[in-house]
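Student: Let's see this in three dimensions:
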Amino acid sequence: MVDLRAIGRISALAAVIALAGCGPSAEQPQQAEMVLPVDVVAVKTESLALTSELPGRIEPIRVAEVRARVAGIVMKKRFEEGADVKAGDLLFQIDPAPLKAAVSRAEGDLARAQAGLKEAQARVKRYEPLVKIEAVSQQDYDKASADLNSAQAATRSAQADLETARLNLGYASVTAPISGRVGRALVTEGALVGQGDATLMARIQQLNPIYADFTQTAADALRLRESLKSGSLAEGDGKALTIRVEGTSYERKGALQFADVAVDPGTGQITLRGKFDNADGVLLPGMYVRVNTPQGTDNHAILVPQRAVKRANDGSSHVMVVGADSRAEARSVTTGTMQGSRWQITEGLKAGDQVIVGGLAAVQPGVKVTPTQAQATPTGQKQ
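Tutor: Have a look, this model is predicted:
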């Protein structure tokens, strides 16, 4: 006979076990979504002076090649290599002895010619009244007149020879044609110079002020001209340049002098020249520099900190912004020029967007974030 009480106890125990198994699962709370704190900056437009940094080379404002203008032996070098010299300073002394002898010889020739001239003048003066009374033949008078003309020509020739001899004697003292910095001596004492050609003896370069030559694309040059024409860039600002010596923080301000009249057909670039003060002599010919030249003004520029811009392997750029429902969103952007520690953004952002600049390492698209306004970074400080 079936024990009904035993069956009831077994059913009750099974019900208790079933309730014990499913009770806690029903009462377990759902896991909370993670919210990441981030620093953001609000995008705003501002006025930005656009510049281009172009490579350039330093060129002297004037170069003079000191050459021997007469033949002779170099006796002395009168300057210190690498020193500053003034126009007219004595640089070399060529042996003047043979040149002094040439002057003396020319003086003697002139004296002889002057004596012949005096004699011819006296003969003509004496024959002039006699030919009128036919005491002297017309033929003798004509010959005396011709001798006078010949004596006058010989005297002028002798005077020119003497001037040439004196000039050559002066050229024995080789002086600086311009003020500037003289390089190394290309000849030494005892060298024979000026024999057959004008021997190069030294080179002087004027270094204050100084030029910086650089190239720019024709398209950029046209944009600069349009900016000046439209008034977005003042005439004075358009000519203001800054150069920086490559590899250093040395900077110097100057002004645009001219643009070349032709475009290089091979590169499509045009050569420009800036003029810079160089009183301290730091800028030297041939030095490689970077030239900053103005290109115009963007009155609605968008700038974001450098650390906010990330680049993919394909070179594309993006930033993380706070999107709808406070969730992180990746936004593709196009960068312009680097201005200090900030990137110019030409496409992809608008005023009011909140760009994430802090806590980026843990942020992924779609993650919920808590934005906090980041403190402004002082101008010029790295971020």
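Student: what comes up buried for the lengthiest strand in the chain?
Tutor: Residue-count comparison of every strand in the chain, with assignments taken from DSSP state E, identifies strand 45-67 as the longest. Of the residues in strand 45-67, those scored as buried under the neighbour-count criterion (16 or more other CB atoms under 10 Å) are 48, 50-52, 54, 56, 58-61, 64, 66-67. (C-beta placed from N, C-alpha, C; glycine too.)
Student: Could you export that strand as CSV, CA atoms only?
Tutor: Coordinates of the C-alpha atoms in strand 45-67 are reproduced here as CSV (Å, rounded to 0.1, in the frame of the first residue of the first chain):
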residue,chain,number,x,y,z
THR,A,45,37.1,79.6,-34.3
GLU,A,46,39.9,82.2,-34.2
SER,A,47,42.0,84.4,-36.4
LEU,A,48,45.1,82.7,-37.7
ALA,A,49,48.0,84.2,-39.6
LEU,A,50,49.0,81.5,-42.1
THR,A,51,52.7,81.0,-42.8
SER,A,52,54.9,78.7,-44.9
GLU,A,53,58.2,77.3,-43.7
LEU,A,54,60.6,77.0,-46.7
PRO,A,55,64.2,76.0,-47.1
GLY,A,56,66.7,78.6,-48.0
ARG,A,57,70.4,79.5,-48.2
ILE,A,58,72.3,82.5,-46.9
GLU,A,59,74.0,84.6,-49.6
PRO,A,60,76.3,87.6,-49.1
ILE,A,61,74.9,91.0,-50.2
ARG,A,62,78.1,91.7,-52.2
VAL,A,63,81.1,89.6,-53.2
ALA,A,64,84.4,91.1,-54.4
GLU,A,65,87.3,89.0,-55.8
VAL,A,66,90.6,90.7,-55.1
ARG,A,67,92.9,90.1,-58.1
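Student: What strands line up against it, and which way round?
Tutor: The strands that strand 45-67 pairs with in its sheet are strand 200-217 (antiparallel), strand 288-305 (antiparallel) (by DSSP bridges).
Student: Among those strands, show the one with the smallest mean pLDDT.
Tutor: Considering the strands paired with strand 45-67 one by one, the lowest average pLDDT is found for strand 288-305, at a mean of 80.
Student: what are the C-alpha coordinates of it, in PDB please?
Tutor: C-alpha atoms of strand 288-305 as PDB (Å, rounded to 0.1, in the frame of the first residue of the first chain):
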ATOM      1  CA  TYR A 288      71.000  76.300 -44.500                       C
ATOM      2  CA  VAL A 289      68.000  78.100 -43.000                       C
ATOM      3  CA  ARG A 290      64.200  77.800 -42.700                       C
ATOM      4  CA  VAL A 291      62.300  80.800 -43.900                       C
ATOM      5  CA  ASN A 292      58.900  81.600 -42.500                       C
ATOM      6  CA  THR A 293      56.900  83.600 -45.000                       C
ATOM      7  CA  PRO A 294      53.200  84.900 -44.500                       C
ATOM      8  CA  GLN A 295      50.600  83.500 -46.800                       C
ATOM      9  CA  GLY A 296      47.400  85.200 -45.500                       C
ATOM     10  CA  THR A 297      44.900  85.200 -42.600                       C
ATOM     11  CA  ASP A 298      42.200  82.700 -41.800                       C
ATOM     12  CA  ASN A 299      39.600  84.500 -39.700                       C
ATOM     13  CA  HIS A 300      37.700  81.200 -39.000                       C
ATOM     14  CA  ALA A 301      40.500  78.800 -38.200                       C
ATOM     15  CA  ILE A 302      40.000  75.800 -36.000                       C
ATOM     16  CA  LEU A 303      43.000  74.700 -33.900                       C
ATOM     17  CA  VAL A 304      43.300  71.700 -31.600                       C
ATOM     18  CA  PRO A 305      46.100  70.400 -29.400                       C
END
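Student: Tell me the buried residues in it?
Tutor: 289-298, 301-305.
Student: Quick check: the two most widely separated of the residues you listed?
Tutor: Pairwise distances across those (CB to CB) peak at 30.4 Å, for the pair 289 and 302.
Student: Give me the most central residue, the protein.
Tutor: Centroid-nearest residue in the chain, with CA atoms, centre = their mean: residue 212, separated by 3.4 Å.
Student: Strands of the stretch 101-250 of the chain, start to end?
Tutor: Listed in chain order, the strands found in the stretch 101-250 of the chain under DSSP state E, counting those that start in this stretch are 173-175, 180-182, 192-193, 200-217, 240-245.
Student: mind checking which of those strands is nearest residue 89?
Tutor: Within the strands of the stretch 101-250 of the chain, the stretch nearest residue 89 is strand 173-175; the backing value is 6.3 Å (CB to CB).
Student: which other residues reach the closest one?
Tutor: By CB atoms under 8 Å, 6 or more residues apart in numbering, the list of residues contacting strand 173-175 from outside reads 66, 68-69, 87-94, 96, 201.
Student: what does stretch 125-133 rub up against?
Tutor: Counting by CB under 8 Å, 6+ apart, stretch 125-133 makes contact with 136-138, 140-141, 144, all of which sit outside it.
Student: hmm, try it at 7 Å
Tutor: Residues lying outside stretch 125-133 but in contact with it, judged by CB atoms under 7 Å, 6 or more residues apart in numbering, are 136, 138, 140-141, 144.
Student: Least confident of the residues you listed?
Tutor: For these, the least confidently modelled position is residue 136, at 80, judged by pLDDT.
Student: What sits closest to that one if chain neighbours are left out?
Tutor: The spatially closest residue to residue 136, leaving aside those adjacent along the chain, is residue 130, at 4.1 Å (CB to CB, 6 or more residues apart in numbering).
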